[in-house]
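K.L.:
Sequence plus the predicted model coming up.
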Amino acid sequence: MALLVVKFDLKKRVKLAQTVWFMYWFAVLAGILVLSLGLFFKIELRKRSELMDNNESHFLPNVLITMGLLACGINAFGGKVCYDSLDPTKFAKWKPVLKTFLVFCMVFNALLILTALLCFIMRIPLQFTLAEGLKNGMKYYKDTDTPGRCYMKRTLDLMQMEFRCCGNDNYRDWFEIQWVSNRYLDFSAKEVKDRIGSNVDGQYLMDGVPFSCCNPSSPRPCIQYQMTNNTAHYSYDHYTEELNVWRRGCRDALLSYYGGIMNTIGALVLLVTMLEVAVTIGLQYVDTSLSTLANPEDIESESEGFLLEKTVKETFTDIMANMKAMGKGAKVEEGGEEGVATVS
Amino acid sequence: MPFLSQKFNLQKRVKLAQGLWMLYWLAVIVGIILFSLGIFFKIELRKRSEIMDNNESHLVPNLLILVGMLSCGLNAFGGKLCHDSLDPQKFSKMKPMLRPYMLLCCGFNALLLLLVLLSFLMQFAVYLTLAEGLKNAIRFYKDTDTPGRCFMKRTLDMTQIEFRCCGNNNFRDWFEVQWISNRYLDMSNDVVKDRVLSNVEGKYLMDSVPFSCCNPGSPRPCIQHHLTNNSAHYDYDHRTEELNIWNRGCRQAVFSYYSGIMNSIGALLIFTIILE
């Protein structure tokens, strides 16, 4: 008993082939979309790889690019097969490869579902990479004369301005590291010597933040230095002041940005998967409807199209039996060879 | 004696009609591009109307939108004409409309030419509006509690950050205005009283700039205050220091952005005229 049988006459077959051909062209566009999403994500990761310690994983965008290219190829081929299915002579060419092509399509669809799952899961390693990278970024902020790190200050400043964030968790992270280069500190000044002497590591720490933390929406000019000293500024209370510097941490800001991109890509890949499953089913119907013609010579005769030749259970047992037979066949060959060897 | 006459047989006529039909569809696409460029330019002018004193002229983008829509309509109709010209029956229907349509096309091309001239000439108007608007914006920077001007600080800060510029002509424009609101000045302090008394208008002037003038590419943390006082900062010479704050003036920076847009629009319009 075949699964989901549908009766076809010539008109219905032609309509089916045309619809599936049309859907295959949509699927090619969807493949191009997946490819460009992968490229976009790769570029976004590359743009900020400095803040991720240059060891962010490019696994996900590479997978997306590969799947996009595969999708374009498979769907273009499927479209060509559908186009040719209207002409019996051309279709006879494609008939032998069709079964393997359909199996290949099913494997591809499973891979697409895996890719969508990956999009949602890869957020977690990204979180750890970001936390580590930002911590180091802030540590190297002052090293504008060290080759390899001299652009860290600019990168971090631009990022804080763009994402409207300050520090790793919040602005107090800047109080714990020295972010002013020693080249610009007057070591003969008493104030500098006091600050350096006040901590074990000999670092010039202060309760100030870089200018990129400033919030332009604040009604008063930015207070960057002596932030915890209320008396240093007129009418200022650092406990209640909210608009002066950005309050969000950069790890949160970057994570929600990249998380948003990955969620959107994952949702789109799921939609593409549904489209792919639909065209695979369509192609299966086209193939079976042309194989079961009541009168093979007359193209106007009726035929039946089905999803599976037998029920799901029987198909499954068939596949298991085939795989066992393949395994046994290999064993029998080995046994036969041994037998031949012993005989001679 | 007809001008530029050409001999045609049926095959040549069909080829001509087909080629012209394709050109008409290209012209429709160009019309859509013109329409979207007009909308883009209008949005860009609206985004920064605050620093242009809210009286910038929207003539060019409005005309561009109108021209884009007209172009789409006229070229779609022309394409239909060409498509029908291959069928004598359909063409005899359209024949009476052809003369007025060609006259309309000529008028449309004249309008396009006018628009090209406008897009190159209106740049002067934009420049003057910008100069006036930026001067007022710097003056109203501190008025964050005055309704109607309370967002001027944010707008000007974001403009300076985005366009990498400082002040109107250069950063010294900030030395000539009071950009700190009186609400945050301790009037009982001697330093403040000295500064306020040191000029006729009683303004709190100082040789400092807002944080949005800072250049992130500078190797040292930004020096905003006491810019002309070398001894206030270690290893600092204000005459030779180049990377600390942006050197460009905002009028120049914003104007070059807008003139770039208007020049591209002009170039595209010239291409459209040739196509039409």
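P.N.:
Perfect, I can see it now. Here the structure is a predicted model, which is why all the values come from computation and not from measurement.

K.L.:
from here on, contacts and neighbour counts on C-alpha atoms
P.N.:
Fine.

K.L.:
Output the below-cut-off pLDDT ranges for the stretch 51-200 of chain B.
P.N.:
Within the stretch 51-200 of chain B, no stretch has pLDDT under 70.

K.L.:
what does it have sitting close to chain A?
P.N.:
Contact residues, the stretch 51-200 of chain B versus chain A (Cα under 8 Å from any Cα of the partner chain): B:142, B:144-145, B:151, B:153-154, B:157-158, B:180-181, B:184-186.

K.L.:
What is the neighbour count of the closest residue to B:Thr144 other than its chain neighbours?
P.N.:
Computed as Cα to Cα, 6 or more residues apart in numbering or on different chains, the closest residue to B:Thr144 that is not its neighbour in sequence is B:Cys150, at 3.9 Å. Residues within reach of B:Cys150, counting by other Cα atoms under 10 Å in any protein chain shown, total 17.

K.L.:
sec struct for B:Cys150, please.
P.N.:
With DSSP: H, G, I helix; E, B strand; the rest coil as the basis, B:Cys150 sits in coil.

K.L.:
Do I have it right that it meets B:Asp143?
P.N.:
Yes - with contact defined as Cα atoms under 8 Å, B:Cys150 reaches B:Asp143; the gap is 6.0 Å.

K.L.:
Could you list the contact residues of the stretch 51-200 of chain A toward chain B?
P.N.:
Going by Cα under 8 Å from any Cα, the residues of the stretch 51-200 of chain A near chain B are A:142, A:144-145, A:150-151, A:153-154, A:157-158, A:180-181, A:184-186.

K.L.:
Mark which of these are buried, thanks.
P.N.:
Listed as buried from these are A:Lys142, A:Thr144, A:Cys150, A:Tyr151, A:Lys153, A:Arg154, A:Asp157, A:Leu158, A:Val180, A:Ser181; burial here means 16 or more other Cα atoms under 10 Å in any protein chain shown.

K.L.:
Which one of those residues is nearest to B:Lys90?
P.N.:
A:Leu158 (63.2 Å; Cα to Cα).

K.L.:
which residues touch that closest one?
P.N.:
A:Ser212, B:Pro216 (Cα atoms under 8 Å, 6 or more residues apart in numbering or on different chains).

K.L.:
Quick check: which element contains it?
P.N.:
Take DSSP states H and E as the rule and A:Leu158 turns out to sit in helix A:152-163.

K.L.:
before we move on, what about A:Leu33?
P.N.:
helix A:10-47.

K.L.:
B:Tyr141 belongs to a strand?
P.N.:
No - with three-state DSSP as the criterion, B:Tyr141 is located in coil rather than a strand.

K.L.:
Pull the number of nearby residues for the closest residue in space to B:Asp53 that isn't next to it in sequence.
P.N.:
Take B:Asp53 and drop its neighbours on the chain: the residue closest to it by Cα to Cα, 6+ apart is B:Gly133, 4.6 Å away. Neighbour count of B:Gly133, defined by other Cα under 10 Å: 22.

K.L.:
so what's the residue in the stretch 51-200 of chain A positioned nearest to chain B up against?
P.N.:
Residue nearest to chain B within the stretch 51-200 of chain A: A:Arg154 (4.9 Å; Cα to the nearest Cα). Applying Cα under 8 Å, 6+ apart, we find A:Arg154 in contact with B:Pro216, B:Gly217, B:Ser218.

K.L.:
What strand or helix carries the last one?
P.N.:
When elements are assigned from DSSP H and E, B:Ser218 belongs to no helix and no strand.

K.L.:
Neighbours of it, how many?
P.N.:
Neighbourhood size, B:Ser218 [other Cα under 10 Å]: 19.
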